[in-house]
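**Student:** after the sequence you'll find the predicted model.
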Amino acid sequence: MPAGCSIRALWILNNFDAIVFSRRFPVVEKRWQAACQSENENSNEDKLNYSVLSLMPSDSELAAAFVERKQREGSARGFGIRVSNSSSGSDSWVDDPITRHIIGLYINKEEEGGNNLLWPLILHIKGNYNILVLPLVEPRHLKVYARLCKRSSCGIALVGDDSLSSLLLDLPSITGAFMVAHTIGDIITGETVEPEVIISAGPSVGGLFGSLTGSIGISGISSSAKPVAAPVASSPSNTTITGAVTADTPKMGSRHLDKDALRTFINSSMPFGTPLDLNYSNILTIKANGFSALDLPPSDQKQPAWKPYLYKGKQRILFTIHEILQAALYDRDEIPDTISVSGQINCRADLEGFPDVSFPLAGLNAAHFKGSSYHPCAQVHEHGVDKQSVMFSPPLGNFVLMRYQASCALGSPIKGFYQLSMVSEDKGAFIFKLCLMEGYKAPLTMEFCTVTMPFPRRRIVSLDGTPSIGIVSTTDHFVEWKIVPSGRGLSGKSIEVTFPGTIKFAPWQSRRFSWSRSGYASSADEDSDNEAENTTNMVNEEYLMEKMNKDLPPVDLEEPFCWQAYNYAKVSFKIFGASVSGIAIDPKYVSIYPAIKAPVEFSTQVTSGDYILWNTLGKCPHVATEKVKEMGDGKYI
């Protein structure tokens with residue numbers, strides 16, 4: 001946990017803005033009140049009581065303030081930027097997108113002189129719940145934020161101390177509060193599966209706190225960190241890198257959250273308001289099993305915090321490299337395609353005692369490393385240009401040993417283009433030309449590949465077209481093309497596929513929508529340019545696209561790929577056999593000290609993230625990149 005992180009209180013509100021759980025930490029609150037008193041005595045400014053809240057609000061007061069802010073800001077998260085209807089003192093007045101996640105509430109306490117600011121509140125939306133975590137900061141930090149909420153200047157490009165970014169850099173407790181909020185969100189939605197470690201045949205481990213959503217009873221929860229051999233998780237969690245895109249959309253559940261289980265976790269993970277260990281597996285194991293004399297380490301060895309128990313049982317080591325590919329393919333001369341790899345090495349080391357495990361991590365040169373981070377149990381030593389020596393004292397259960405960013409050494413697994421041309425307001429012609437697994441040789445295997453064409457603004461009436469391979473299905477708002485169905489696989493060869501066709505939409509309700517920083521506005525007036533359309537029988541594609549751009553309303557900021565008339569296709573796939581970055585672990589070179597006999601298994605999987613084929617004939621967002629040119633002396637600029 002970040003140094004100096006303490007939590008004053010936390011609240012969980014449901015989708016009806018009612019507080020269903022709250023917890024205050026009096027020890028931390030006393031420190032806050034003492035700091036407020038000291039600030040008032042030593043400050044030459046107005047008394048602190050008149051600008052910030054020194055006393056903790058009641059649940060009803062906080063819920064009322066949260067509802068008032070949501071109405072004022074337009075949603076629970078708010079705009080994040082200053083708009084025409086922003087008022088001085090509001091979060092959006094600060095004009096920084098981070099205020100969508102770090103908010104302030106004005107609590108109406110008459111004994112403290114009216115509305116008082118409560119900040120910083122970490123807002124995390126998970127499932128049906130809004131989670132608010134209030135970390136301890138110094139009163140002077142809160143006063144600085146209060147001044148930012150009143151300043152007349154606008155914009156986040158300010159330099160110096162008069163900005164929210166410079167203020168947050170001085171508050172490490174914010175990071176800890178985010179970790180607390182996200183962990184509690186995973187617990188109350190039952191998404192607490194361990195990082196994925198692939199083996200030949202292993203049972204799936206469900207959410208450790210599934211009782212909070214009613215999936216399993218509390219008595220049925222088993223821990224993977226017990227001092228005996230435990231199952232290996234084979235389902236990815238939201239804390240690992242996965243191919244799915246998670247969103248803060250409500251997930252309906254039929255049962256109430258288990259408050260007793262949540263209280264137990266909070267009491268164990270952050271006693272007296274100081275987060276110590278937010279690993280739900282460790283906390284649950286300690287609660288379920290306790291400690292015995294057999295769990296005590298030898299007197300000459302120090303037990304690390306990440307290993308609360310000594311493992312007993314069959315010894316083995318499992319490594320899984322899990323990479324996710326992000327790509328934007330434009331098929332345009334003026335815009336280069338982009339592709340990047342986000343990866344992590346998941347590990348499970350079922351070893352007795354406190355052994356050290358070391359291995360050389362190969363392929364770094366091919367991967368063009370852009371950044372990496374390691375578990376606290378690891379030590380990294382340089383070992384040449386293409387190798388890095390890693391040594392670690394493993395914790396119990398599955399854990400993420402390393403996270404990294406790299407380039408794709410093998411190139412794009414799906415190449416080609418997607419074109420969509422609107423021949424009328426309600427009909428479009430499209431074509432796909434793709435090449436799968438070009439340059440990818442065995443043992444690399446594509447388990448499945450699916451292309452999706454989303455149309456969130458239009459309702460699909462019919463689709464006419466037959467792909468060269470695969471199966472096509474439609475719903476009201478998207479077309480799904482299964483090129484490689486699950487179970488078929490594609491290995492050792494590349495294939496070229498095409499899919500031409502036409503798509504018809506329900507009649508477009510022409511409405512003029514205008515977008516400003518203040519939000520949405522619309523009128524039912526027909527476009528006055530309709531007369532120009534009636535003067536010719538020829539289809540003017542540029543006119544149609546311009547008309548759609550004007551008429552098509554923008555979507556919420558949570559859907560960045562569906563902004564106005566942008567259209568695209570998204571590719572989903574999974575590849576086994578090797579990493580696409582070139583990073584690898586050779587089980588033959590994994591060593592254990594003190595030396596013991598333990599089999600080492602290594603596996604890889606690559607999944608797609610936001611792998612986007614932008615419509616070559618349409619609008620597309622992109623970021624300009626710096627051009628690199630070689631100079632005469634061999635240097636680059």
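**Tutor:** Cool, the structure landed. Residues are numbered from 1 along each chain as shown.
**Student:** rest of the way, CA atoms for contacts and neighbours
**Tutor:** Fine.
**Student:** contact partners for Asp426?
**Tutor:** Under the criterion of Cα atoms under 8 Å, 6 or more residues apart in numbering, the contact list for Asp426 reads 504-508.
**Student:** go again using 10 Å as the cut-off
**Tutor:** Listed by Cα atoms under 10 Å, 6 or more residues apart in numbering, the contact set of Asp426 reads 458-461, 503-508.
**Student:** what does Asp476 give?
**Tutor:** Under the criterion of Cα under 10 Å, 6+ apart, the contact partners of Asp476 comprise 454-456, 458-462, 505-506.
**Student:** let me know the closest of those residues to Arg151.
**Tutor:** Taking Cα to Cα as the measure, Arg151 sits nearest to Pro456 out of these, at 38.9 Å.
**Student:** and that closest one, how many neighbours?
**Tutor:** By other Cα atoms under 10 Å, the residues close to Pro456 number 13.
**Student:** spatially nearest residue to it, not counting backbone neighbours?
**Tutor:** In space, Pro456 comes closest to His477 once its chain neighbours are excluded; the distance is 5.5 Å by Cα to Cα, 6 or more residues apart in numbering.
**Student:** isn't that neighbour right up against Leu463?
**Tutor:** No - under the criterion of Cα atoms under 10 Å, His477 makes no contact with Leu463, lying 11.8 Å away.
**Student:** more neighbours: which of these two?
**Tutor:** Leu463 (18 against 15).
**Student:** what bridges to the more buried one?
**Tutor:** With beta bridges defined as DSSP bridges, Leu463 has these partners: Ile503.
**Student:** I'd say it and Ser473 touch.
**Tutor:** Yes - using Cα under 10 Å, Leu463 and Ser473 qualify as a contacting pair, with a distance of 9.1 Å.
**Student:** okay, and the common contacts of His477 and Leu463?
**Tutor:** Contact criterion Cα under 10 Å, 6+ apart; residues bridging His477 and Leu463 by contacting each: Phe505.
**Student:** mind listing the strands for the stretch 351-500 of the chain?
**Tutor:** Counting by DSSP state E, counting those that start in this stretch, the stretch 351-500 of the chain has these strands, from start to end: 356-362, 371-374, 378-382, 387-392, 398-406, 414-424, 427-436, 445-454, 460-464, 471-474, 478-484, 490-491, 495-505.
**Student:** possible to save the ones you listed as CSV with distance to Leu55 and mean pLDDT?
**Tutor:** CSV is the format used below for the strands of the stretch 351-500 of the chain (distance: least, Cα to Cα, whole Å; pLDDT from 0 to 100):
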stretch, distance to Leu55, mean pLDDT
strand 356-362, 49, 91
strand 371-374, 40, 85
strand 378-382, 43, 83
strand 387-392, 45, 88
strand 398-406, 40, 90
strand 414-424, 58, 90
strand 427-436, 61, 93
strand 445-454, 50, 92
strand 460-464, 55, 92
strand 471-474, 56, 93
strand 478-484, 52, 93
strand 490-491, 63, 84
strand 495-505, 57, 93
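**Student:** turn those into TSV, including distance to Ser86.
**Tutor:** As requested, the strands of the stretch 351-500 of the chain are exported to TSV (distance: least, Cα to Cα, whole Å):
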stretch	distance to Ser86
strand 356-362	52
strand 371-374	39
strand 378-382	48
strand 387-392	51
strand 398-406	38
strand 414-424	39
strand 427-436	40
strand 445-454	33
strand 460-464	38
strand 471-474	42
strand 478-484	36
strand 490-491	54
strand 495-505	38
